[in-house]
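>>> Prediction below, plus the sequence it came from.
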Amino acid sequence: ENLKTDNPKNSFTIGIVDDVSHSSLPMVPPVSTEPKGTVRCKFWGLGADGTVGANKNSIKIIGDHTDMYAQGYFSYDSKKSGGVTISHLRFGKKPIRSTYLISEADFIACHNQAYVNQYDLLKGLKKGGTFLLNCLWDESELEEKLPHNLKKVLAEKEAKFYIINATKIASDIGLGGRINMVMQSAFFKLADVIPVDEAVDYMKQAIEKTYGSKGEKIVQMNKKAIDMGMEALHQVSVPEAWIGGTERADDKKDEPAFISDIMRPMNAQEGDDLPVSAFAGREDGHFPMGTSAYEKRGIAVDVPEWIKENCIQCNQCSFVCPHAAIRPFLLDADEQQAAPEGFETLKAMGKEFDGMAYRIQVSTLDCTGCGNCADICPAKTKALVMKPVEPQIEAQKANWEFATTVKSKADLTNIETLKGSQFAQPLFEFSGACAGCGETPYVKLVTQLFGDRMMIANATGCSSIYGGSAPSVPYCVNEKGQGPAWANSLFEDNAEYGFGMALATGQIRGKLEDLMKEGLEMDLPNELKEAFQAWIDGKDDAKASKKATYDMLPLLEASKGNAVVDEIITKKEYLVKKSQWIFGGDGWAYDIGYGGLDHVLASGEDVNVLVLDTEVYSNTGGQSSKSTPTGAVAKFAASGKKIRKKDLGRMAMTYGYVYVAQVGMGSDKNQLIKALKEAEAYPGPSLIIAYTPCIAHGIGAGMGKTQEQTKKAVEAGYWHLYRYNPMLKEEGKNPFTLDSKEPKTSFQAFLDSEVRYASLKKSFPEEAAVLFELAEKDAQERYSIYKKLAE
Ligand code: SF4
Ligand code: SF4
Ligand code: SF4
Ligand code: MG
């Protein structure tokens, strides 16, 4: 089409509407080059619900048993859990050469009813096409439950519309949440790719093959799912009236432009349709903070309910929550008055909170249902009980909204304690990390302690994915608009990246000092000069520089017009001492980024490194790193790792001027806070290595026990807690403090509690016996070295 025009565009782009530099060619109606007779199917699934697996299976059935060609492509979002998966399948008698997503579909299925309000599910459905929806609703409820737009398109496209309650069928049969077999069978019945009887045969054969080894009962349950999937399909007659109708008023929300114009379309999988001009003003790539709070994904099945009578106000639930979805709130008298009905409170404990009320509030739509909060609750009778989310969503919505308006009372207490820290606002919330992730509670705590003046360089890995998967940013700001500045560079240069940030900040603050010294010699108000002096004296001390800054700001305003004062004002964001952090996983710190990390630690610069040690490359699927211990099964170590874990902490200690700590939240929360506090205050490089349970470990007790698992790791002598503080040397003391006690439980039993070890016993029993003994010896040797250092 371009060549046919009088002035064909040279060097053009296609696919994105470039209305800024006008490089793009206009899009013609969706391209479909599939040969006639190709059946095109699209499936909307929830991450890990089995949809993708079932679709791969369908491709195999059709590809293996018929003379048809089959093609499949699976697109995912970047959430670590509870994300969306879209499967694009094509089948046909002729070869399929369509290397692009399905633009026109004969069949669309949605496996999750919540999606009807989140995505444009029917985009590309051909006229007279089929739509299959898995939902708990019956036909009479659809009028009310389905959004206007979906109904309209169904009617306009004269679609064949089917519903099925696969969730109930699967649960009745005993398959729990695994709806995939039911949905697969419904697909074969409706999509008309191969005769239904044959499809049933093939699916049942596949079941024998896949589940045969798991016993007859499981085979039968799955076969039953197939039969019931066929029977339970219900065709809905689509009323013509659905073409008209109006959008419900509450479909339109009052929210920032970025959220409605960029984030919502991107999250709805429509980001590719945004024109380039939508990003005007963001040429440097910056995104606003705190956008994850608008997602309200509602992915939990069970959420904690607070039983206030049992609560001892310890704040541990909030401390360990990986998603910042449960928090303590303190209400003054006015706030108690303003609280909605049902916002029940306790009298706050502690004399600093005299007259205040205390409440634990859950954001049910942000909770992932991991259960760590309820598990950790130390109350004699649990003050948190996991209960089905459904009734609680409505009950807690207004309560959470009100809670977010309650003013922070963190100033009244010492936030550098277990309980106090949780009254500080987390400046990292609602990330897309896996439910129960061991990494995010550390990240959240660091932002509670230092977030208002923090800069973070983040290595690529899980922490960069949940830390900033566009458009959703979990790092947020406080009432004053202060929060962590966060950026992710590469995997191989993250320490250097953070080092560069520290040097740049240092330069600017050095310049500020020069300016103030100049100012001291000028004719300026005495008060301002005193503020300059106070700032210079406390420049590198967080508290002192904060105080001096807030004292100085109004005085600067009053002396505007003076060249020096004006220049200080342009750099005022740098007045408060920055807390420079470098985050990353073991794959970065122990392996690929190690050269840079070593260089930066050696430099002596005042940076804080947090290593989230999952002992594998978690983000890419669990490859072995130098942090993987002897005997652990990982990718590239299928028969168990043969060599021991590197002792990164001890290597860093050899410099003598690097602060080093090993921590484990679930084992000792106070030691963790101590280490974070000391590391941040240390005016040189600091390295904190944190034990972080991960889905890659296959924790037998599940991801609701990640805190408990850390405790077990320390008790068994698998992980050790210590702090090496060079400052103590100046006081003539031993810089090394061993914080772990002598191991008291079985090391081997700990290994048995995780699939990464236990599986080796099955696949290579002899190897396992040798390696596990070696693993125990390695751990013992490490402990005895630490003990000697402590003596
Ligand atoms: Fe947080 Fe998990 Fe508790 Fe939900 S269940 S509030 S995500 S700890
Ligand atoms: Fe209350 Fe339990 Fe939370 Fe402690 S952990 S604050 S006792 S609900
Ligand atoms: Fe999930 Fe493990 Fe990554 Fe956490 S560290 S987000 S648990 S893969
Ligand atoms: Mg890792």
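Here it is on my side, so go on. Ligands and ions are numbered 1, 2, ... in the order given.
>>> and stretch 278-292, anywhere near ligand 1?
No: if you take CB under 6 Å from any ligand atom as the test, stretch 278-292 misses ligand 1, and the best it gets is 13.3 Å. The way it works is simple: take the backbone N, C-alpha and C, and place the C-beta from them, glycine included.
>>> need the contact list for residue 596.
Shown in contact with residue 596 (CB atoms under 8 Å, 6 or more residues apart in numbering): 492-496.
>>> 6 Å instead, please
Residue 596 sits next to 493, 495-496 when contact means CB atoms under 6 Å, 6 or more residues apart in numbering.
>>> Switch those residues over to JSON lines; also include secondary structure, pLDDT and distance to ligand 1.
Converted to JSON lines, the contacts of residue 596 look like this (DSSP: H, G, I helix; E, B strand; the rest coil; pLDDT from 0 to 100; distance: CB to the nearest ligand atom, whole Å):
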{"residue": "493", "secondary structure": "coil", "pLDDT": "95", "distance to ligand 1": "33"}
{"residue": "495", "secondary structure": "helix", "pLDDT": "98", "distance to ligand 1": "31"}
{"residue": "496", "secondary structure": "helix", "pLDDT": "98", "distance to ligand 1": "34"}
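>>> Let's see if you can find the most crowded of those.
Counting neighbours by other CB atoms under 10 Å, residue 495 leads those with 27 neighbours.
>>> Closest one of the contacts of residue 596 to ligand 4?
residue 495 (15.8 Å; CB to the ion).
>>> Any figure for the gap between that closest one and residue 97?
46 Å (CB to CB, to the nearest Å).
>>> didn't residue 790 look like it was pressed against residue 738?
Yes: if you go by CB atoms under 6 Å, residue 790 and residue 738 touch, sitting 4.0 Å apart.
>>> Tell me which of those two has more neighbours.
A direct count of neighbours by other CB under 10 Å for residue 790 and residue 738 places residue 738 higher, at 19 against 13.
>>> Can you spell out which residues form a bridge with that one?
Beta-bridge partners of residue 738, counted by DSSP bridges, are residue 722.
>>> these two touch, right, it and residue 720?
No: Residue 738 is beyond contact range of residue 720, at 7.5 Å (criterion: CB under 6 Å).
>>> between the two, what contacts are shared?
residue 786.
>>> Around ligand 4, pick out the residues from the protein.
By CB under 5 Å from the ion, the residues of the chain that approach ligand 4 are 585-586, 614, 618.
>>> switch the cut-off to 6 Å
Residues of the chain found near ligand 4 (CB under 6 Å from the ion) are 585-587, 614, 616-618.
>>> closest point of the stretch 451-600 of the chain to ligand 3, which residue?
Nearest residue of the stretch 451-600 of the chain to ligand 3 (CB to the nearest ligand atom) works out as residue 462 at 3.2 Å.
>>> And for the closest residue to that residue other than its chain neighbours, the neighbour number?
Excluding its sequence neighbours, the residue lying closest to residue 462 (CB to CB, 6 or more residues apart in numbering) is residue 619, at 4.4 Å. Neighbours of residue 619 under the rule other CB under 10 Å: 21.
>>> before we move on, the earlier item: can you put the residues of the chain next to ligand 4 in CSV and add pLDDT?
Listed next are the residues of the chain next to ligand 4 as CSV, based on pLDDT from 0 to 100:
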residue, pLDDT
585, 97
586, 98
587, 97
614, 98
616, 97
617, 96
618, 94
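>>> Cross-reference the residues you listed with the strands and report the matches.
585, 616-617 (DSSP state E).
>>> In a markdown table, list these along with distance to residue 347.
A markdown table is the format used below for these (distance: CB to CB, whole Å):
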| residue | distance to residue 347 |
| --- | --- |
| 585 | 43 |
| 616 | 47 |
| 617 | 49 |
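>>> ok, the closest residue to residue 749 other than its chain neighbours - contacts?
Excluding the flanking residues, the one nearest residue 749 by CB to CB, 6+ apart is residue 716, at 7.0 Å. Contacts for residue 716 (CB under 6 Å, 6+ apart) come out as 743, 745, 747, 750.
>>> what residues does the stretch 251-400 of the chain put near ligand 2?
So far as CB under 6 Å from any ligand atom goes, the stretch 251-400 of the chain lies against ligand 2 at 306, 311-317, 360, 377, 379, 383-384.
>>> got it, and the chain?
Within the chain, the positions near ligand 2 by CB under 6 Å from any ligand atom are 306, 311-317, 360, 377, 379, 383-384.
>>> what about stretch 602-620, distance to the chain center?
18 Å (CA atoms, centre = their mean, to the nearest Å).
>>> buried set for it?
The neighbour-count check on stretch 602-620 (16 or more other CB atoms under 10 Å) flags 603, 605-619 as buried.
>>> Tell me which entries of those residues lie within helices.
Counting by DSSP state H, the buried residues of stretch 602-620 place residue 603 in helices.
>>> Show me what from this protein comes close to ligand 3.
80, 433-434, 437, 439, 462, 466, 614, 618-619, 694-696.
>>> Would you mind marking which of these are also close to ligand 1?
Okay, of those, nothing touches ligand 1 (CB under 6 Å from any ligand atom).
>>> Am I right that residue 284 sits in a helix?
No: with DSSP: H, G, I helix; E, B strand; the rest coil as the criterion, residue 284 is assigned coil and is not in a helix.
>>> and it, how many neighbours does it have?
Other residues close to residue 284 by other CB under 10 Å number 5.
>>> could you flag which of the contacts of residue 716 are buried?
Burial by neighbour count, judged by 16+ other CB under 10 Å, picks out 743, 747, 750 from the contacts of residue 716.
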